[in-house]
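*Asks:* model the structure of this input:
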Amino acid sequence: MRFSRIGEHAWAIQEADRAVDLLRPVAGRYPAAMARALAVRAACLHVRGRTAEAARDVDEALAYRDRATDPADATDLAVVASHLDLAGRTDEALALTGRLLSGGTPPARPLLFRHCALLLRHGRADEAVPLLRGVHEAAHPWSHTRYRAGVMLFEALAAAGRTAELAEHARRELPNVAASARGNAAGRRIYLEVLELLHRHHALPDHRPPLDVTIAKQRRILLRGQRRRWILAAAFAVLTGDRRRIPPRPGATPPAELARAAARDRVTRVEARLERLNASDDARALSIAWGELAEARWDAGGQRSAALQAQRAALEQTRRWAAEHPADARTALVTHLRRFAEIAGAIGLRTDAEAAETEADELADSA
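*Replies:* Presented below is the predicted three-dimensional model:
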């Protein structure tokens, strides 16, 4: 799957084929492992567009799943569920994790985290919140389980639109996430993602220092650490005489096509989320989603007019939100006005851009 995520689909499928071939002779003894290998190959094939072959692998993986009855198979089956979802079989994936959880098969918490990740991926955050809250409250303080549940709860509360609960959770849990970031690159990335989520959802408007200042500081710290590790890796590559192992320099601009592909993927996911949100008439959630869609369309390239249209919709929903909750929506309205001015100015709509910038300045000054 790592090869598949970086676009090396041929290598990914080749390695998945090798895993299936190795397990085929002993599949009867290890059905869960065989189901896992088939599900991984199905996901790789599905991403490549070979959906008919992926469907055959999924059907075979489900057959082996039904034969896996040993409690020790739970870990493999949880991985099967994740890859079934990547292969486009979400219902089967959720049914599998739900069945494993209801059976009380250990390890319950890793299974629950995978189940909640599937729920969050498909817009069912309201179902994930009570599950994650229960694990978070029951876990021992400073345990990894409590930390992971707390981080996932940030995402679940934000996706469910529970801003007040998100702010309260942040006030309790953010210091713990910040502590886990010290001397730990992975922990700092998670801390940065949580800060960006809180900033995007305007959950802590009274935070001091402001969240955007904290985010900028954490990005600088993370980049310094990445540069130190890059120097060590580059020095080792030079000493061993294999300069091909020198990694890309931290902070370098990623290849344009790779960035555009990631943006197109974001466009697809946000559009799917908007379809679910349109029925809710939740101005705040729609404002955030339309803003994310505008940014993704702009980054995808070739969608400048569509990006402006999405940003206009974000501004419209933010005005609705501001009419209902002026204090809560003020910061978001300023942000969306400035973003609209930026896009309109880049396209050449100078009058619209100046009007939006002026309104944003007036709102910011009156705060």
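
*Asks:* from here on, just use CA atoms for contacts and neighbour counts.
*Replies:* Fine.

*Asks:* what's the pLDDT at residue 199?
*Replies:* pLDDT recorded at residue 199 is 87.

*Asks:* let me fix that: residue 256
*Replies:* Looking at residue 256, its pLDDT reads 65.

*Asks:* what of residue 8?
*Replies:* In this prediction, residue 8 carries a pLDDT score of 61.

*Asks:* kindly report the same for residue 104.
*Replies:* The per-residue pLDDT reported for residue 104 equals 55.

*Asks:* how about stretch 112-120 as CSV, C-alpha atoms only?
*Replies:* What follows is stretch 112-120, C-alpha atoms only, in CSV (Å, rounded to 0.1, in the frame of the first residue of the first chain):
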residue,chain,number,x,y,z
LEU,A,112,-12.7,0.1,17.8
PHE,A,113,-10.2,2.6,16.5
ARG,A,114,-10.4,1.1,13.0
HIS,A,115,-14.2,1.0,13.2
CYS,A,116,-14.4,4.6,14.2
ALA,A,117,-11.9,5.6,11.4
LEU,A,118,-14.3,4.0,8.9
LEU,A,119,-17.3,5.8,10.4
LEU,A,120,-15.4,9.1,10.2
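
*Asks:* now the spatially most central residue of the chain: how far from residue 350?
*Replies:* The chain has residue 121 as the residue nearest its centroid, 8.1 Å off, counting by CA atoms, centre = their mean. Distance, residue 121 to residue 350, using CA to CA, to the nearest Å: 39 Å.

*Asks:* who's in contact with residue 41?
*Replies:* Residue 41 is in contact with 13, 16-17, 54, 57, counting by CA atoms under 8 Å, 6 or more residues apart in numbering.

*Asks:* which one of these is nearest residue 35?
*Replies:* Closest to residue 35 out of the contacts of residue 41 is residue 57 (8.9 Å), distances taken as CA to CA.

*Asks:* ok, that closest one - contacts?
*Replies:* For residue 57, the contacting residues are 38-39, 41-42, by CA under 8 Å, 6+ apart.

*Asks:* quick check, nearest of these to residue 339?
*Replies:* Using CA to CA, the shortest approach to residue 339 within these belongs to residue 42, at 40.2 Å.

*Asks:* looking at it, that closest one is touching residue 52, isn't it?
*Replies:* No: Residue 42 lies out of contact with residue 52 (CA atoms under 8 Å); the separation is 9.6 Å.

*Asks:* neighbour-wise, which one of the contacts of residue 41 leads?
*Replies:* The member of the contacts of residue 41 surrounded by the most neighbours (other CA atoms under 10 Å) is residue 54, with 25 neighbours in all.

*Asks:* okay, now the domains of the chain?
*Replies:* With domains defined by automatic domain parsing, the chain comprises 1-122, 136-245, 256-366.

*Asks:* want to throw those into a markdown table with distance to residue 128?
*Replies:* What follows is the domains of the chain, written out as a markdown table (distance: least, CA to CA, whole Å):
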| stretch | distance to residue 128 |
| --- | --- |
| domain 1-122 | 5 |
| domain 136-245 | 7 |
| domain 256-366 | 16 |
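
*Asks:* select from those domains the stretch with the lowest mean pLDDT.
*Replies:* The minimum mean pLDDT among the domains of the chain belongs to domain 1-122 (a mean of 81).

*Asks:* how far does it sit from the chain's center?
*Replies:* 20 Å (CA atoms, centre = their mean, to the nearest Å).

*Asks:* count residues in the vicinity of the spatially closest residue to residue 40 that is not a sequence neighbour, would you?
*Replies:* Leaving aside its chain neighbours, residue 40 sits nearest to residue 83 (5.8 Å; criterion: CA to CA, 6 or more residues apart in numbering). Residue 83 sits with 25 neighbouring residues when counted by other CA under 10 Å.

*Asks:* so residue 83 versus residue 46, what's the distance?
*Replies:* 10 Å.

*Asks:* go on, residue 211?
*Replies:* In terms of CA to CA, residue 211 sits 39 Å off from residue 46.

*Asks:* and if you look at residue 285?
*Replies:* 31 Å.

*Asks:* higher neighbour count, those two?
*Replies:* Between residue 285 and residue 46, counted using other CA under 10 Å, residue 285 has the larger neighbour count: 25 against 18.

*Asks:* wait, that one touches residue 162, no?
*Replies:* No: judged on CA under 8 Å, residue 285 makes no contact with residue 162 at a distance of 9.8 Å.

*Asks:* nearest to residue 130, out of the domains of the chain?
*Replies:* domain 136-245 (9.2 Å).

*Asks:* look up how far residue 77 lies from the residue nearest to residue 62 when sequence neighbours are not counted.
*Replies:* Leaving aside its chain neighbours, residue 62 sits nearest to residue 35 (6.9 Å; criterion: CA to CA, 6+ apart). Remark: distance between residue 35 and residue 77 (CA to CA) = 8 Å.

*Asks:* which neighbours do these two share?
*Replies:* residue 65.

*Asks:* who's more crowded, the two?
*Replies:* More neighbours surround residue 35 than the other of residue 35 and residue 77, with 31 against 24 (other CA under 10 Å).

*Asks:* what's the helix or strand for that one?
*Replies:* Using DSSP states H and E, the element containing residue 35 is helix 31-48.

*Asks:* right, and the helix or strand after that helix?
*Replies:* The element immediately downstream of helix 31-48 (helix or strand, assigned by DSSP H and E) is helix 51-67.
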